[in-house]
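Chemist: requesting a structural model of the entry that follows:
(one chain, ligands or ions: 1)
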Amino acid sequence: MIWKEILIRYGELSTKGRNKMDFIRRLRENIRHAFADLGHLHIRTERDRMFIAIQDEAQMDVLLKGLPKIFGIQSFSPVAACEKDIEAMKKLAITIMDTFKNEQLTFKVEVKRTDKTFPLESHAIQREIGGYVLPQYQNLSVKVKKPDIELRVEVRHDATYMMAQVIPGAGGMPVGSNGKSLLMLSGGIDSPVAGYLMMKRGVRLEAIHFFSPPYTSQNSLEKVKVLANELTKFGASIRLHVIPFTEIQVLIKEKVPSNVSMTTTRRMMLKVADKVREDIGALAIVTGESLGQVASQTLESLTAINAVTNTPILRPLISSDKLEIIDIAEKIGTYETSIQPFEDCCTIFTPASPKTKPKLEKVEHYESFSDFDELIERAVKNREVYIFPKKEQEADKFADLL
Ligand SMILES: Nc1ncnc2c1ncn2[C@@H]1O[C@H](COP(=O)(O)OP(=O)(O)OP(=O)(O)O)[C@@H](O)[C@H]1O
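Modeler: Numbers count the residues shown, from 1 in each chain. The predicted structure is shown next:
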């Protein structure tokens, strides 16, 4: 096998000092976690890059498929190695360039000679390898500035290393490097996208879902579990807290005028979410709200909903168009699940004409006739917890321990 390691270039590195060390440590842990099935990976870290040692082709395939999903990676390159012998180096250059033989491409060789005892100097190595490779490929022409392929040759002390491909990474920051938040996860298109965007900024997520049986079916809950599971592909496990919400919704329907019931529903959801957030030590709540999308997403509504807590509410989609959100949902693989037609607890109780500009004082006044606090406590206490991507049985056992 020619492959020796994968070189990883870090993503956003505006962070300095200790933050940078934390960024690198998190990224290494997340890679280990994502590829736990491959056994113990040998990962070497440097200030500006990281190397994963490759044992065999199968391992290489799994890494090439999975690495583009890990946040904190700007790009990565498979690195091949051979002896420090010019003939071996020419042969390896050909093996690598064979991968590109079906495309018309510009090309150059770039040499770095760390081992100064190697008999040829950088320029001579460049001429030898370039002169050997070029005549063998009709599709290649030399271009010094910004070629399509830069064959990088590095003569180190132990061996010669070569790479030609720079594969784009997911960018962003390693999940967990920016603390933990609680994602309000419905079965819709938007909230999984909101979760994905926060993970991209390094936020570890737990998720909360409000479930109202028998008005919402088991299928709608299953759909949310699938979505939570999908999000774990981006580098971290996720605990999903499922809140029994029927009792609260029924009380709202009975006691609050229907045109503000949607606002009250959102406020109660946020109250419950805030208690769970506190319980799990998360610092913020994430929603998939986007301004103007529906009645509950006007500035007036958001103000009335927000009034129940001082906790930061992160709304990464607030300025996105629906089509932009759908684009991301398709890209990250949640769209097909989100459009499955299972009812959501909110849509079922949605009044015909909810107020788009609810007044906070009025909403508070209508709510003051009922004791929601006791129901909120009960809903929080009776929640079920599932952990993804683990198996269902394990998740249930985990919930029992809480
Ligand atoms: N049943 C639920 N469980 C958890 N969170 C919910 C639930 N319903 C709504 N939310 C949260 O409230 C936000 C706004 O929900 P709403 O149904 O008004 O909008 P939406 O644009 O359809 O969002 P989505 O596509 O995420 O369902 C959601 O993005 C989600 O964060």
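Chemist: please make it C-alpha for all contacts and neighbour counts, starting now.
Modeler: OK.
Chemist: where does this structure have low pLDDT?
Modeler: Across the chain, the ranges flagged by pLDDT under 70 are 13-18, 345-348, 390-402.
Chemist: which strand or helix spans Ile31?
Modeler: Element membership for Ile31, per DSSP states H and E: helix 17-34.
Chemist: and that helix, what's buried?
Modeler: Neighbour counts over helix 17-34 (16 or more other Cα atoms under 10 Å) mark 20, 22-24, 26-32, 34 as buried.
Chemist: closest to the centroid, which residue in this protein?
Modeler: The centroid of the chain falls nearest to Phe234 when counting by Cα atoms, centre = their mean (3.7 Å).
Chemist: hmm, that one is touching Pro68, no?
Modeler: No. In this structure Phe234 lies outside contact range of Pro68 using Cα atoms under 8 Å: 9.2 Å.
Chemist: what about the nearest residue to Gly288 once chain neighbours are set aside, is that helix, strand or coil?
Modeler: In this structure, Gly288 finds its nearest non-sequential neighbour in Ser191, 4.0 Å apart by Cα to Cα, 6 or more residues apart in numbering. What DSSP: H, G, I helix; E, B strand; the rest coil gives for Ser191 is helix.
Chemist: who's in contact with Ser191?
Modeler: Each residue near Ser191 by Cα atoms under 8 Å, 6 or more residues apart in numbering is listed here: 183-185, 287-289.
Chemist: circling back to that earlier point, dump the buried residues of helix 17-34 to a markdown table, plus distance to the ligand.
Modeler: Formatted as a markdown table, the buried residues of helix 17-34 follow (distance: Cα to the nearest ligand atom, whole Å):
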| residue | distance to the ligand |
| --- | --- |
| Lys20 | 31 |
| Asp22 | 29 |
| Phe23 | 28 |
| Ile24 | 31 |
| Arg26 | 27 |
| Leu27 | 27 |
| Arg28 | 30 |
| Glu29 | 28 |
| Asn30 | 26 |
| Ile31 | 28 |
| Arg32 | 30 |
| Ala34 | 26 |
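Chemist: which one (most neighbours) among the contacts of Ser191?
Modeler: Sorting the contacts of Ser191 by how many neighbours each has (other Cα atoms under 10 Å) puts Leu183 first, at 30 neighbours.
Chemist: in a helix, that one, correct?
Modeler: No. Leu183 is assigned strand when assessed by three-state DSSP, not a helix.
Chemist: so it makes contact with Arg204?
Modeler: No. Look at Leu183 against Arg204 with Cα under 8 Å: they stay out of range, at 9.7 Å.
Chemist: number of nearby residues for Gly187?
Modeler: Neighbours of Gly187 under the rule other Cα under 10 Å: 27.
Chemist: who touches the closest residue to it other than its chain neighbours in this structure?
Modeler: Of all residues not flanking Gly187 in the chain, Val224 sits nearest, at 5.2 Å (Cα to Cα, 6+ apart). For Val224, the contact set (Cα under 8 Å, 6+ apart) comprises 185-187, 209.
Chemist: thinking again about what came up before, out of the contacts of Ser191, who's near the ligand?
Modeler: Contacts with the ligand within the contacts of Ser191, counted by Cα under 6 Å from any ligand atom: 184-185, 287-289.
Chemist: any chance of the residues you listed in TSV, with distance to Asp115 too?
Modeler: Output for these, formatted as TSV (distance: Cα to Cα, whole Å):
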residue	distance to Asp115
Met184	55
Leu185	54
Thr287	54
Gly288	54
Glu289	56
